[in-house]
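Trainee: Structure, please.
(chains A and B)
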2 protein chains.
Amino acid sequence: MKTQSETGCFGGVQGVYSHASAATGTDMTFGLFLPPQAAQGKVPLLWYLSGLTCTHENAMTKAAAQGWAAEAGIALVFPDTSPRGPEVADDAAFDMGQGAGFYVNATEAPWAPHFRMWDYLTVDLTRLLFDNFPLDEGRQAITGHSMGGHGALTIAMGLPGRFASVSAFSPITNPTQSDWGRKQFTAYLGSDEGAWAAHDATLLMRARGFEGPVLVDQGGADQFLDLLRPEALAEAMAARRQDSVLRIQPGYDHSYFFVASFMRDHVEFHAKALARA
Amino acid sequence: MKTQSETGCFGGVQGVYSHASAATGTDMTFGLFLPPQAAQGKVPLLWYLSGLTCTHENAMTKAAAQGWAAEAGIALVFPDTSPRGPEVADDAAFDMGQGAGFYVNATEAPWAPHFRMWDYLTVDLTRLLFDNFPLDEGRQAITGHSMGGHGALTIAMGLPGRFASVSAFSPITNPTQSDWGRKQFTAYLGSDEGAWAAHDATLLMRARGFEGPVLVDQGGADQFLDLLRPEALAEAMAARRQDSVLRIQPGYDHSYFFVASFMRDHVEFHAKALARA
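Mentor: This next block holds a predicted model:
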């Protein structure tokens, strides 16, 4: 692991690190915020998964999360959204290829060798973090924005027992029924839709739900609402009687101004769940 | 109007009054809480509509609302749930007849002459309240529990512009698709289902929505979930991009312990909307 930078931030440290990942076969970069409490011992970890086109840097600089995390004594990790580099396949569209890993392990050419973001996050980066930083592996929570909200919800439900709580900002909730999903799952996972179900938050909510609390915020003026399909997850959460809050926030679009506006609520939501974990 | 009782309560007055209603052709009884601020001038009014079997008294004594209303400077009105008396039709079932008005104007015998709760609330009691008490007619909000949550949502959407905000505790959200609804609407409104749509919160949400914010709380351990169908309203609110919050609260049943547990949030939600009205 290489330290790219470490900067004082809300009494703690905002770092950027890179490391070789066996899952992706590439070097990967991530941001990690350690709150001041990490100087005294292990702290809980909140994962933040980013959306299409983002690197590790967008949320780190624009989500206004570190101040609330410092107050709550929670670390934040900001992973990248795909493998990158000249040897990694790509696509001209912004919603395919580099910057658009969709948090799956690709099985199809030309994506299969490197696009393994599920394993990257849940195995490689997980081990690296808990082996190298003062983080409490028994107290993890996860959130994300847009494609990252999809990642947070599907990983949380896909790995029961690992996360105390999950939240999402304007997530892609039902990718098997959306142009943000069908195109990418066909390319990454193949045309057998049976393999897609493990990566659709609405289908996972219907089939198994989440053992902890769920918070979802969605901007009412989001320009991508027809692709995000919040109504599908809303129906599934209520039908399951899932411990959940879904808020439609009028006037907010899909941007980081929306994410930043409600970040305090999400950090406090996770802090409460992590305190019980 | 006759004063049945007036009692000091959180620095204000909890009164019980009765009056003759032209809509129902009977005497009707209601509770009214005036907060201490009403001694200085007109205050906003929050309507609380009760559920099956309730009179004006249940929420007045068990919902723990007056303390928060006193803090916010909001009056509370607790109407009855149906006309009553020996001359009024009734049914042996607890969910039909007296105590089960469903907030409609009945058109069918034997209910039609008295079961006109929509007009009773929105015309008769409305005029009586604003003509006799220090209440600001331009600042009204509405909430309710179960059948009363159904009433609050349908009246709020049915009278655009009258209410600044609407909330509900475990509402009957989709009565045209529920045994709590189909039986009563058939009896009160007749078998033409076209007449039912104006009294179904999910259908109203799909067709027109509400111009202000909506808050819905639903207990996850509610014994009547299959009759309440929160998933129908959840889907409709998210699909419309309605300014809304829907919370599934794990471990809570259908009782007033649930209502009381979240009453503070509801009063504060309405206070915020009324401050902008």
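Trainee: What residue in chain A is the furthest from its centre?
Mentor: residue A:40 (27.2 Å; Cα atoms, centre = their mean).
Trainee: per-residue confidence at that residue?
Mentor: With respect to pLDDT, residue A:40 scores 96.
Trainee: ok, residue A:248 - contacts?
Mentor: Listed by Cβ atoms under 8 Å, 6 or more residues apart in numbering or on different chains, the contact partners of residue A:248 are A:218, A:219, A:220, A:230, B:237, B:238, B:241, B:242, B:243, B:244, B:245. For every residue, glycine as well, the C-beta is placed using N, CA and C.
Trainee: Is the fifth one part of a helix or strand, or is it coil?
Mentor: State at residue B:237, reduced to three classes by DSSP: H, G, I helix; E, B strand; the rest coil: helix.
Trainee: contacting residues for it?
Mentor: Contact analysis of residue B:237 by Cβ under 8 Å, 6+ apart lists A:234, A:248, B:205, B:214, B:216, B:244, B:246.
Trainee: The last one touches residue B:233, doesn't it?
Mentor: Yes: taking contact to mean Cβ atoms under 8 Å, the distance of 7.3 Å between residue B:246 and residue B:233 places them in contact.
Trainee: Those two: which has the busier surroundings?
Mentor: The residue with more neighbours, out of residue B:246 and residue B:233, is residue B:233; 32 against 27, by other Cβ atoms under 10 Å in any protein chain shown.
Trainee: surely the more buried one meets residue B:172?
Mentor: No: contact criterion Cβ under 8 Å: residue B:233 and residue B:172 do not qualify, at 9.7 Å.
Trainee: Now for these two: what residues contact both?
Mentor: Residues touching both residue B:233 and residue B:172 (Cβ under 8 Å, 6+ apart): residue B:201.
Trainee: secondary structure element for the closest residue to chain B within the stretch 1-150 of chain A?
Mentor: Closest approach between the stretch 1-150 of chain A and chain B, counting by Cβ to the nearest Cβ: residue A:149, at 14.1 Å. Using DSSP states H and E, residue A:149 falls within helix A:147-158.
Trainee: Who are the packing partners of that helix?
Mentor: Identification of packing neighbours for helix A:147-158 by 3 or more Cβ pairs under 8 Å, 6 or more residues apart in numbering or on different chains; DSSP states H and E yields strand A:43-49, helix A:117-119, strand A:135-144, strand A:163-169, helix A:201-207.
Trainee: Tell me what angle the helix or strand that the fourth one is followed by forms with helix A:147-158.
Mentor: Moving toward the C-terminus from strand A:163-169, the first helix or strand encountered (DSSP H and E) is helix A:179-189. Note on geometry: by axes from the mean of the first three to the mean of the last three Cα atoms, to 10 degrees, helix A:179-189 and helix A:147-158 are set 60 degrees apart in direction.
Trainee: touching chain B at all, the lengthiest helix in chain A?
Mentor: The residue-count maximum for a helix in chain A (DSSP state H) belongs to helix A:256-276. No: Helix A:256-276 stays clear of chain B (Cβ under 8 Å from any Cβ of the partner chain), getting no nearer than 11.1 Å.
Trainee: Which strands or helices does that helix pack on?
Mentor: strand A:43-49, helix A:57-62, helix A:66-72, strand A:135-144, strand A:163-169, strand A:214-219, strand A:244-249.
Trainee: mind putting those in CSV, mean pLDDT included?
Mentor: Shown next, in CSV, are the helices and strands packed on helix A:256-276 (pLDDT from 0 to 100):
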stretch, mean pLDDT
strand A:43-49, 98
helix A:57-62, 93
helix A:66-72, 95
strand A:135-144, 98
strand A:163-169, 98
strand A:214-219, 98
strand A:244-249, 97
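Trainee: quick one: which of those is nearest residue B:128?
Mentor: Residue B:128 sits nearest to strand A:244-249 of all the helices and strands packed on helix A:256-276, at 35.8 Å, using Cβ to Cβ.
Trainee: tell me which residues in stretch A:73-92 are buried?
Mentor: Neighbour-count burial for stretch A:73-92, counted by 16 or more other Cβ atoms under 10 Å in any protein chain shown, picks out A:73-84, A:88-91.
Trainee: same thing with stretch A:115-125?
Mentor: For stretch A:115-125, by 16+ other Cβ under 10 Å, it's A:115, A:116, A:117, A:118, A:119, A:120, A:121, A:122, A:124, A:125.
Trainee: Contacts only, for the residue nearest to the last one when sequence neighbours are not counted.
Mentor: If the residues on either side of it in the chain are set aside, residue A:125 comes closest to residue A:79, at 6.0 Å by Cβ to Cβ, 6 or more residues apart in numbering or on different chains. With contacts taken as Cβ under 8 Å, 6+ apart, residue A:79 has the following neighbours: A:28, A:30, A:47, A:49, A:50, A:56, A:120, A:121, A:125.
Trainee: Strands - which of the buried residues of stretch A:73-92 land there?
Mentor: A:75, A:76, A:77, A:78, A:79 (DSSP state E).
Trainee: Take those and write them to TSV, including pLDDT.
Mentor: Converted to TSV, those look like this (pLDDT from 0 to 100):
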residue	pLDDT
A:75	98
A:76	98
A:77	98
A:78	98
A:79	98
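Trainee: Quick check: the farthest pair among these?
Mentor: Farthest apart among these by Cβ to Cβ are A:75 and A:79. That separation is 13.1 Å.
Trainee: Give me the common contacts of residue B:246 and residue B:233.
Mentor: Counting by Cβ under 8 Å, 6+ apart, the common neighbours of residue B:246 and residue B:233 are A:238, B:216.
Trainee: Look up phi and psi at residue A:31.
Mentor: phi -100, psi 140 (degrees, to the nearest 10).
Trainee: Show me what it is bridged to.
Mentor: Here residue A:31 sits in beta bridges with residue A:16, residue A:78, as judged by DSSP bridges.
Trainee: What residues does the residue of the stretch 51-200 of chain A found nearest chain B make contact with?
Mentor: With Cβ to the nearest Cβ as the measure, residue A:173 is the residue of the stretch 51-200 of chain A nearest to chain B, at 9.1 Å. Contacts for residue A:173 were tallied using Cβ under 8 Å, 6+ apart; they are A:149, A:150, A:153, A:201, A:202, A:216, A:228, A:229, A:230, A:232, A:233.
Trainee: Is residue A:48 in contact with residue A:146, as I believe?
Mentor: No: judged on Cβ under 8 Å, residue A:48 makes no contact with residue A:146 at a distance of 11.9 Å.
Trainee: picking that back up, need the helices and strands packed on helix A:147-158 in CSV with distance to chain B, can you?
Mentor: CSV is the format used below for the helices and strands packed on helix A:147-158 (distance: least, Cβ to the nearest Cβ, whole Å):
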stretch, distance to chain B
strand A:43-49, 21
helix A:117-119, 27
strand A:135-144, 17
strand A:163-169, 13
helix A:201-207, 10
